[in-house]
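coordinates for the following, if possible.
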Amino acid sequence: MQKLITIIGGYGQMGLLFTKLWQQQGFNVQSLDKDDWDNASTILQNSDLVVICVPINTTLNIINQVGIHLKTSTILADFTSVKTEPIEAMLKVHTGAVLGLHPMFGPTIENPDKQVVINCGGRGDYQWVINSISQMGFMVTDMDAKTHDTAMDFIQGIEHFSTFVLGSFLKANNQLPDNLFSLASPIYQTKLALMGRIFDQDASLYADIIASDKTRLDKIEEYSKYFSNWIAKLQLAKRDEFIDEFIATRKWMGEFTHHSQIATDEFLENFTHKYTKKIT
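Sure, this is the predicted structure:
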């Protein structure tokens with residue numbers, strides 16, 4: 001019998017992406033959105049998989065509402081970029097299988113190839129879901145929830161916040177990225193393009209990602225203090241200390257620095273040609 005997948009938030013961009021991908025695999029896919037809650041029990045009762053795909057700040061509330069409508073045989077999953085609390089909440093409200101997933105990409109991707117979906121597990125037998133995502137072409141990476149959340153504090157917290165501040169600072173100083181791009185070397189052109197990519201996305205999404213929880217904000221604050229400390233050292237002309245730290249950090253990174261040099265040289269040659277051609 002064909003499996004039925006219900007995506008809560010299925011009319012959002014990520015929900016629509018996975019609706020299309022699961023339908024292409026032959027699954028029945030339906031959506032449950034905010035206007036459908038009066039019929040939630042009817043919509044959810046025969047679902048083999050229920051995926052919560054809503055903004056971070058509403059995820060826990062949705063989990064608490066959905067649990068009472070599920071059969072024990074239903075797999076309850078989520079796509080949230082924070083994993084520890086949602087998984088704990090799903091385990092609490094649902095006696096069946098639970099699965100914490102995090103797609104590490106935006107909904108505008110054209111090809112699943114080399115795109116990562118993190119699997120933080122949960123409980124029970126959910127292997128067919130993992131298999132279906134792998135068969136779409138995604139790379140599924142297993143990781144425990146706490147390790148995931150710590151990594152995301154850097155990848156999605158500090159990195160996105162730094163990008164936001166840079167863009168906002170450019171605006172405050174009326175430094176248009178297009179003007180800077182024409183003067184920049186390929187590596188800085190790439191950085192400007194990545195900044196532009198972020199600002200082309202949904203502002204509310206990035207606000208939710210950056211301020212997803214207190215732990216992430218605490219880590220951003222810690223980074224801010226670390227940043228300010230190095231500014232203070234440079235203002236005191238502690239150049240040698242900067243050089244020593246630079247070398248020590250390079251040694252700590254190991255072969256990553258050399259591999260990055262090779263990889264970015266290849267990427268930059270292709271990127272610069274394509275982007276420069278596009279804007280001229």
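
residue boundaries of the helices in this structure?
In the chain, the helices defined using DSSP state H lie at 13-24, 40-44, 56-66, 84-93, 127-136, 145-152, 159-172, 177-181, 186-199, 203-210, 214-235, 239-253, 256-279.

looking at those, which is nearest to E110?
helix 13-24 (10.6 Å; Cβ to Cβ). Heads up, the C-betas are built off the backbone N, CA and C, glycines and all.

quick one: average confidence on the closest one?
Averaging pLDDT along helix 13-24 gives 95.

same check, this time on stretch 188-197
Mean per-residue pLDDT for stretch 188-197: 89.

repeat that for stretch 264-280.
Over the span of stretch 264-280, the pLDDT mean works out to 65.

what of stretch 85-104?
97.

what about the longest strand in the chain?
If you go by DSSP state E, the chain has its longest strand at strand 116-123.

that strand packs against which elements?
Helices and strands touching strand 116-123, as assessed by 3 or more Cβ pairs under 8 Å, 6 or more residues apart in numbering; DSSP states H and E, comprise helix 84-93, strand 98-103, strand 139-142, helix 145-152.

of all these, which one comes closest to D202?
Going by Cβ to Cβ, the one of the helices and strands packed on strand 116-123 nearest D202 is strand 98-103, 14.9 Å.

who are the packing partners of that closest one?
Checking 3+ Cβ pairs under 8 Å, 6+ apart, strand 98-103 ends up next to strand 75-78, helix 84-93, strand 116-123, helix 145-152.

list the strands paired with it, with their directions.
Strand pairing for strand 98-103, using DSSP bridges, gives strand 75-78 (parallel), strand 116-123 (antiparallel).

and that strand, which residues are buried?
Buried residues in strand 98-103, counted by 16 or more other Cβ atoms under 10 Å: 98-103.

show me which of those residues is closest to H148.
For the buried residues of strand 98-103, the nearest to H148 is H102 (6.7 Å; Cβ to Cβ).

next one: the most centrally placed residue in the chain from T141, what distance?
When Cα atoms, centre = their mean is applied to the chain, the residue found nearest the centroid is M104 (4.3 Å). From M104 across to T141, the span is 8 Å (Cβ to Cβ, to the nearest Å).

shared neighbours, those two?
116-118 (Cβ atoms under 8 Å, 6 or more residues apart in numbering).

of those, which is the most crowded?
I118 (21 neighbours; other Cβ atoms under 10 Å).

could you list every residue that touches that one?
Per Cβ under 8 Å, 6+ apart, neighbours of I118: 83, 101-102, 104, 140-143, 148.

got a pLDDT number for the closest residue to S31 other than its chain neighbours?
Excluding the flanking residues, the one nearest S31 by Cβ to Cβ, 6 or more residues apart in numbering is G10, at 2.7 Å. Note for G10: predicted pLDDT of 91.

list the contacts of G10.
So G10 contacts 16, 19, 29-33, 53 (Cβ under 8 Å, 6+ apart).

how does it look with 10 Å?
The contact partners of G10, taken as Cβ atoms under 10 Å, 6 or more residues apart in numbering, are 16, 18-19, 29-33, 36, 51, 53-54.

surely S260 touches M253?
Yes. Using Cβ atoms under 10 Å, S260 makes contact with M253 at a distance of 8.5 Å.

about what we covered before: closest one to T74 among the helices of the chain?
Smallest distance to T74 across those (Cβ to Cβ): 7.6 Å, for helix 40-44.

just for the stretch 151-280 of the chain, where's the confidence low?
271-280 (pLDDT under 70).

so what's the residue count around I63?
26.

look up the closest residue to it, ignoring the ones flanking it.
Closest to I63 by Cβ to Cβ, 6+ apart is A89, at 4.5 Å.
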